[in-house]
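# Quick one, what's the 3D model for this:
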Amino acid sequence: MAPQPFPPTIGPVKRRYRPLRCLAFLLISLIIFFGLVILIFYLSVRPTTISYSVDDAHIRNYNLSSGELNATFDFTLLAPAPIYYDSVAVAVWYDDQMLAFRELPPFYQPKRNATRLVLALSATAAPLLGPVAEGLKHDRSAGEVALEVRVRALIRFKVGAAKTKHYVMRVYCAPVVVRFSPAEGFQRSFCDVDV
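Reported below is the predicted structural model:
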C-alpha cells in the first residue's frame with residue numbers, strides 16, 4: 001500500500017486575539033511591578049513609628065499669688081525619629097489652660113539617633129482662671145502636679161535624597177506628673193503622636 005500524501009495546507013494558522021487574556025497579563029504585570037517598587041521603598045527607607053516621651057521634669061521658682069503664676073517648667077523630651085523640624089512650639093497645660101509656651105529653632109533629627117530636647121518654659125505673671133488656681137494650690141500642698149505637654153511642629157521626612165512635603169505633627173504627653181521636690185525623682189511619661 002502506497003503512503004498517503006499529506007493534505008494540502010491552506011496557509012498559516014491564525015491565532016485568535018484574546019483581549020481578556022492580554023488584559024489579565026497586563027494587570028498581573030502591573031501588580032508585580034508596583035509590589036516590587038513598594039518593597040524596594042520599604043527596604044530603603046525602613047519607616048518606623050514616631051514615638052516621644054518626657055524623660056525628666058522639674059518645676060523651679062514656683063510662686064502662685066493673687067491668681068498669677070510665676071514658674072519655670074523644665075522638661076527633657078526624647079525625639080527619636082529622623083525628621084526635619086521646620087518649626088516647633090511647646091506648651092505646658094494644666095486643666096485646659098496653657099501655663100507656659102516656647103518656640104524652638106528649626107533642627108534636623110538624623111537617622112539612628114535620638115535628640116534630647118532640654119526645655120525650660122517660663123510662666124511670668126500668667127493670669128489663671130479661678131478653678132485652675134485652686135487646683136494648683138491643692139496640688140502644691142499634695143507635693144505633685146499632673147501637667148500636659150503639647151508639641152506642635154511643622155515637619156518633613158527624608159526619603160533617600162529627597163524630602164517630603166510639610167506635615168503638621170501634634171504630640172500630647174499626659175499626664176506628666178511633676179513633683180515639687182526634685183529629690184523624689186520622675187517617672188517617664190509616654191506621648192501620643194498625630195501626624
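# Sort out which residues of the longest strand along the chain are buried, please.
In terms of residue count, the longest strand belonging to the chain (DSSP state E) is strand 144-159. The neighbour-count check on strand 144-159 (16 or more other Cβ atoms under 10 Å) flags 145, 147-151, 153, 155-158 as buried. (C-beta placed from N, C-alpha, C; glycine too.)
# Please, where are all the helices along the chain?
19-45, 130-142 (DSSP state H).
# Most tightly packed of these?
helix 130-142 (a mean of 14; mean count of other Cβ atoms under 10 Å).
# Just want the angle from that helix to strand 144-159.
Angle of helix 130-142 versus strand 144-159, following axes from the mean of the first three to the mean of the last three Cα atoms, to 10 degrees, is 110 degrees.
# Pull helix 130-142 out as CSV, backbone CA atoms only.
Extracted in CSV, the C-alpha atoms of helix 130-142 (Å, rounded to 0.1, in the frame of the first residue of the first chain):
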residue,chain,number,x,y,z
GLY,A,130,-10.2,80.6,89.4
PRO,A,131,-10.6,76.7,89.3
VAL,A,132,-7.1,76.4,87.8
ALA,A,133,-5.5,78.5,90.6
GLU,A,134,-7.4,76.4,93.2
GLY,A,135,-6.3,73.2,91.6
LEU,A,136,-2.7,74.2,91.5
LYS,A,137,-2.8,75.3,95.2
HIS,A,138,-4.3,71.9,96.1
ASP,A,139,-1.6,70.1,94.0
ARG,A,140,1.2,72.2,95.6
SER,A,141,0.1,71.1,99.0
ALA,A,142,0.0,67.4,97.8
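# Mind giving me the packing neighbours of it?
If you count contacts as 3 or more Cβ pairs under 8 Å, 6 or more residues apart in numbering; DSSP states H and E, helix 130-142 packs onto strand 53-65, strand 83-94, strand 144-159.
# neighbours around the residue lying closest to G130 once chain neighbours are set aside, how many?
Closest residue in space to G130, ignoring its immediate chain neighbours: G67 at 7.3 Å, by Cβ to Cβ, 6 or more residues apart in numbering. Neighbourhood size, G67 [other Cβ atoms under 10 Å]: 13.
# how about G67, what does it touch?
127-128, 130, 133 (Cβ atoms under 8 Å, 6 or more residues apart in numbering).
# Domain boundaries for the chain, per the record?
Annotated domains of the chain cover 18-47, 53-194 [automatic domain parsing].
# gap between the last one and the chain center?
Averaging C-alpha coordinates over domain 53-194 and over its chain gives two centres that are 15 Å apart (Cα atoms, centre = their mean, to the nearest Å).
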